[in-house]
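J.: Here is a sequence with its predicted model. Questions after.
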Amino acid sequence: MFIPNLLDNHRILVTGGGTGLGKEIAAHLLSLGATIYICGRREAVLKDTAHELTMRHGGQVETLVLDLRDADAVDSAIGTIWQDGPLTGLVNNAAGNFISRTQDLSARGFDAIANTVFHGTFYATHAVGKRWIAEQRKGNIVSIVTTWVRTGAPFVVPSAMSKAGIDAMTKSLATEWGRYGIRLNAIAPGIFPTPGATARLRPGADPHLLETSSNPMLRLGKMPELTNLAAFLMADGCEWLTGETIAIDGAYSLAQGAYFTNYMGWTDEQWQEARDRIKGETERDKLLRTVDHRTTAS
Ligand code: HXC
């Protein structure tokens, strides 16, 4: 779809790039010539991904262990990247989410999602953007949101609120930072099944059996469709495009509105079972987290 080396001389940070959508986006940007930085909380996962991607595509993938909820740590990590050279792009992909009845959430449960998605995305955007402005460099930010920014979504209220905040940030900073040559767009994907999202949003379900018949295109998303859109937005050919949130969901949200309305009839027992499954997944993740560290694969 693109010319080879479309992203030569681009240096792009993909937050949450060790797994899921972030890993796929990182792989595609790398294959088009960009130098890639990925950050996340699990060192082993990041290292494995960096190794896998460089084996597959060559090039350079740097990894940073980072908890986006810590503003000072984010600024320091971006400063470390800048010692190698300035970034040209940022993909705000990292997120946290789980389904829950909102009345069952604790304040800490709300914060577990909002601190990463809402605050963390701002911290990364701010740390990168202020450097671009100070150094009079243009820059490019693509954020992954959801179609819930338009429809709202039951049972994922902390995520819906936080993603709506990123949508507002995209529009606001496109206006405020346009004069500096910094542009911001967002992608609102429908269902592109990944293990992390499936475990937390559709626990126990086979993603390939879900929401296909109700989608106008009668299928789920194919990962290259999403990664091609990210590459298009990251590339230099259409730079007047800014402040937009582009849905890529086969028109599901136009046709059906919000996700998760099928959970409206769940019983207390079904909610307990979902919570237990999700917590099991979170505990498995935690075993792989470590302290701050930095590694390189090339
Ligand atoms: C209710 C829950 C819960 C659940 C956790 N909590 N799971 N509450 N139902 N299922 C509560 C806990 O009880 C606790 O509150 C608080 O949340 C913090 O829990 P921790 O386990 O300490 O949180 P933490 O280790 O920070 O983990 C954060 C996480 C976890 C969000 C809970 O899932 C995570 O790290 N996720 C990252 C990856 C991820 O979520 N991927 C899916 C992204 S999908 P109390 O009060 O008990 O102490 C996505 C949408 C894309 O983003 C959609 C595209 C269409």
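T.: Yes, it's here.
J.: Any residues of the stretch 151-298 of the chain in contact with the ligand? List them.
T.: Ser159, Pro189, Ile191, Gly196, Ala197, Arg200, Arg275, Ile278, Lys279, Thr282, Asp285, Lys286 (Cβ under 6 Å from any ligand atom). For glycine as for every other residue, the C-beta is placed from the backbone atoms N, C-alpha and C.
J.: Which of those residues sits closest to Lys23?
T.: Proximity of those to Lys23 (Cβ to Cβ) peaks at Gly196, which lies at 10.2 Å.
J.: can you confirm Ser162 is in a helix?
T.: Yes. The assignment for Ser162 by DSSP: H, G, I helix; E, B strand; the rest coil puts it in a helix.
J.: In contact with Gly79: list those residues for me.
T.: Contact analysis of Gly79 by Cβ atoms under 8 Å, 6 or more residues apart in numbering lists Ala127.
J.: What of Glu239?
T.: Arg183.
J.: all helices of this structure, in order?
T.: Listed in chain order, the helices of the chain (DSSP state H) span 20-31, 43-57, 71-84, 107-114, 121-134, 148-151, 157-177, 195-201, 223-234, 252-256, 268-286.
J.: what's the closest non-adjacent residue to the residue most central in space within the chain?
T.: The centre of the chain sits closest to Asn93, judged by Cα atoms, centre = their mean, with a distance of 1.6 Å. With Cβ to Cβ, 6 or more residues apart in numbering as the criterion, Asn93 has its nearest non-adjacent residue at 3.9 Å, and that residue is Gly22.
J.: Quick one: mean pLDDT for stretch 138-148?
T.: The average pLDDT within stretch 138-148 is 98.
J.: That stretch: end-to-end distance?
T.: End-to-end distance for stretch 138-148, by Cα to Cα, to the nearest Å: 30 Å.
J.: follow-up on the earlier one: give the buried subset of the residues of the stretch 151-298 of the chain next to the ligand as a PyMOL selection command.
T.: In PyMOL, this line selects whichever of those come out buried by 16 or more other Cβ atoms under 10 Å:
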select buried, resi 159+189+191+196+197+200+275+278+285
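J.: ok, so of the residues of the stretch 151-298 of the chain next to the ligand, who is nearest Thr88?
T.: Pro189 (23.1 Å).
J.: quick one: that closest one and Ile144 touch, right?
T.: Yes. Taking Cβ atoms under 8 Å as the definition, Pro189 is a contact partner of Ile144 at 6.8 Å.
J.: pLDDT weak spots in the protein?
T.: Across the chain, residues meeting the criterion (pLDDT under 70) sit at 207-210, 290-298.
J.: that older thread, contacts only, for the residue nearest to the centre of the chain.
T.: Contacts for Asn93 were tallied using Cβ under 8 Å, 6+ apart; they are Val14, Thr15, Gly16, Gly17, Gly20, Leu21, Gly22, Ile25, Ser143, Ile144.
J.: Distance-wise, check Asn185 relative to Ile36.
T.: 19 Å (Cβ to Cβ, to the nearest Å).
J.: And Asp276, by the same measure?
T.: In terms of Cβ to Cβ, Asp276 sits 36 Å off from Ile36.
J.: These two - which one has more neighbours?
T.: A count of neighbours by other Cβ atoms under 10 Å puts Ile36 above the other of Asp276 and Ile36, at 31 against 10.
J.: Can you name the residues bridging to that one?
T.: Ile12, Val61 (DSSP bridges).
J.: give the contact list for it.
T.: Per Cβ under 8 Å, 6+ apart, neighbours of Ile36: Ile12, Leu13, Val14, Gly17, Ala26, Leu29, Leu30, Leu53, Gly59, Gln60, Val61, Glu62.
J.: which among those residues gets closest to the ligand?
T.: Gly17 (12.7 Å; Cβ to the nearest ligand atom).
J.: burial measure for that closest one, as a count.
T.: Gly17 has 33 nearby residues by other Cβ under 10 Å.
J.: Ignoring the adjacent residues along the chain, who's closest to it?
T.: Ile38 is the one closest to Gly17 (Cβ to Cβ, 6+ apart), at 2.9 Å.
J.: these two touch, right, that neighbour and Asp48?
T.: No. Using Cβ under 8 Å as the test, Ile38 is too far from Asp48 to be in contact (11.0 Å).
J.: okay, and the common contacts of those two?
T.: With Cβ under 8 Å, 6+ apart, Ile38 and Asp48 have common neighbours Gly18.
J.: out of these two, which sits in the busier spot?
T.: Ile38 (31 against 16).
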